[in-house]
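Participant: Got a predicted model here, sequence first, then my questions.
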Number of protein chains: 2
Amino acid sequence: MTAGTVADTRSRLLATALKLFREHGVEGTSLQMIADELGVTKAAVYYHFHTKDEIAEAVAAPALRELLEITEAAAAHRRQGARVDHALAGFVDLVVRHRALLALCNSDPGLVRAIDRTLNGLDDFKVRLLDVLAGPDPDLELMISVHVALAGIALAGGSPDLADVDDETLREHLTGIGRRLLRRPRRRA
Amino acid sequence: MTAGTVADTRSRLLATALKLFREHGVEGTSLQMIADELGVTKAAVYYHFHTKDEIAEAVAAPALRELLEITEAAAAHRRQGARVDHALAGFVDLVVRHRALLALCNSDPGLVRAIDRTLNGLDDFKVRLLDVLAGPDPDLELMISVHVALAGIALAGGSPDLADVDDETLREHLTGIGRRLLRRPRRRA
């Protein structure tokens, strides 16, 4: 195997796993099913991942890494308003681009648990994002609003009820709702 | 056993199960552990529940039944504004009273899954609550706001970050945030 085909197999493996997780849930998907669907041996899957939890974590990792980058880039702004605008726009965009993954998290808590168990740093960067959005010395209502905004946007983004709304429209509305919750002025159309 | 002691054992069993679920998670709690903690035989637990999932569902059932009652009482109002006020106040109050259970759902998706699996009618009454809050012919932004409000209020209510906020304060802020999302006028203090 060349380095190229190994990387290629890994990314095909993750795409296949996400597809099977969607169809059967994380609990209902086995390493053998992933191998069969890919047309490789179970040993080939083992070369990349030893457990299903490792696969679930790897499926979610790129989105979580992006969220960390967005948070750090937002924190680098000098004005608090600019920090909130950057973090909110980035968060909403991430949610909309990963709607399928979020929908899977909503319907399959096995995925959330696998991610939680594996990514120890998860709590840390949630705190960091909350800090950036709430700013220094937030009042309690703003702190609570930030919690409502993050949880609400992530879950609404993954809601099957809103699956028919196109990405651009969903992005626009979630941003508007987030701005209202985070006390940012309404944007001109 | 008299009817009284049976009902009493059942409610002690549920309280003990909730306590153990909190300490060990649903997955980490066995029927044997519940029996040991209660000081009864496993057979006595079996008399009430045959599986852990049945217990998890019974722990959550009263709150879900209440939510259904709130939704129906809200729907009975003639004006849409009164419907929203009733449903929102009831939902927030329910979330605040069941903060411990919601915190458990946040940290232990096993509970959510058990509830989901067992309560087939869950989807139906979520739709009903969404309908009451959004009213007839809602625009898309209001529909999305209702999703953000319900998910955000429930998750913020169960957030460990807000565990220090007392019930009355949390209720007041969540209601204020919900009113803003659902386009209801600010209340006089």
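Facilitator: Received, thanks.
Participant: only C-alpha atoms for contact and neighbour calcs from this point on.
Facilitator: Fine.
Participant: thinking A:I153 is in contact with A:A89, fair?
Facilitator: No: using CA atoms under 8 Å as the test, A:I153 is too far from A:A89 to be in contact (11.4 Å).
Participant: Pick out whichever of those two has more residues nearby.
Facilitator: A:I153 (29 against 20; other CA atoms under 10 Å in any protein chain shown).
Participant: Just the element for the residue nearest to the spatial centre of chain A, please.
Facilitator: For chain A, A:A63 is the residue whose C-alpha lies nearest the centre (CA atoms, centre = their mean; 4.6 Å). Using DSSP states H and E, A:A63 falls within helix A:52-75.
Participant: residues of the helix or strand just after that helix that come out buried?
Facilitator: Scanning forward in sequence from helix A:52-75 by DSSP H and E, the next helix or strand is helix A:80-97. Neighbour-count burial for helix A:80-97 flags A:80, A:83-96 (criterion: 16 or more other CA atoms under 10 Å in any protein chain shown).
Participant: same for chain B: which of those are within range?
Facilitator: With the criterion set as CA under 8 Å from any CA of the partner chain, no member of those is near chain B.
Participant: the domain parsing of chain A - what is it?
Facilitator: A:1-50, A:52-181 (automatic domain parsing).
Participant: Redo these as JSON lines? Include mean pLDDT.
Facilitator: Rendered in JSON lines, the data for these read as follows (pLDDT from 0 to 100):
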{"stretch": "domain A:1-50", "mean pLDDT": "86"}
{"stretch": "domain A:52-181", "mean pLDDT": "88"}
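Participant: okay, those domains, which one's buried deepest?
Facilitator: domain A:52-181 (a mean of 19; mean count of other CA atoms under 10 Å in any protein chain shown).
Participant: Please tell me how far stretch A:161-180 is from the chain's geometric centre.
Facilitator: Offset of stretch A:161-180 from its chain centre (CA atoms, centre = their mean, to the nearest Å): 16 Å.
Participant: One more: stretch A:153-171?
Facilitator: On CA atoms, centre = their mean, the centre of stretch A:153-171 falls 14 Å from the chain's centre.
Participant: about what we covered before: please produce JSON lines containing the domains of chain A, extended by distance to B:E23.
Facilitator: Converted to JSON lines, these look like this (distance: least, CA to CA, whole Å):
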{"stretch": "domain A:1-50", "distance to B:E23": "23"}
{"stretch": "domain A:52-181", "distance to B:E23": "16"}
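Participant: Of those, which is nearest B:R128?
Facilitator: B:R128 lies closest, by CA to CA, to one member of these: domain A:52-181, at 12.9 Å.
Participant: Next, the distance between the ends of the closest one.
Facilitator: Terminal residues of domain A:52-181 are spaced 38 Å apart (CA to CA, to the nearest Å).
Participant: for stretch A:23-42, same thing?
Facilitator: 20 Å.
Participant: what's the distance between that stretch and the middle of its chain?
Facilitator: Per CA atoms, centre = their mean, the centroid offset for stretch A:23-42 relative to its chain is 22 Å.
Participant: Can you tell me how far the residue lying closest to A:A74 once chain neighbours are set aside is from B:L18?
Facilitator: In space, and not counting its chain neighbours, A:A74 is closest to A:R83: 4.7 Å by CA to CA, 6 or more residues apart in numbering or on different chains. Here A:R83 is placed at a distance of 41 Å from B:L18 (CA to CA).
Participant: can you check A:E172 too?
Facilitator: 41 Å.
Participant: With A:P185 instead?
Facilitator: Taking CA to CA, one finds A:P185 at 44 Å from B:L18.
Participant: Over to A:M143?
Facilitator: For A:M143, the distance to B:L18 - CA to CA - is 29 Å.
Participant: follow-up on the earlier one: contacts only, for the residue nearest to the centre of chain A.
Facilitator: A:94, A:98 (CA atoms under 8 Å, 6 or more residues apart in numbering or on different chains).
Participant: Please tell me how far it sits from A:P185.
Facilitator: Counting by CA to CA, the gap from A:A63 to A:P185 is 28 Å.
Participant: ditto for A:A61
Facilitator: According to CA to CA, A:A61 stands 33 Å off from A:P185.
Participant: Tell me which residues are up against the helix or strand harbouring A:E172.
Facilitator: Assignment of secondary structure by DSSP H and E places A:E172 within helix A:167-181. Identification of contacts with helix A:167-181 by CA under 8 Å, 6+ apart yields A:88-89, A:92-93, A:96-97, A:145-146, A:149, A:153, A:157, A:185-187, B:141, B:144-145, B:177, B:181.
Participant: can you rerun that using 7 Å?
Facilitator: For helix A:167-181, contacts defined as CA atoms under 7 Å, 6 or more residues apart in numbering or on different chains pick out A:89, A:92-93, A:96, A:145, A:149, A:153, A:185, B:141, B:145.
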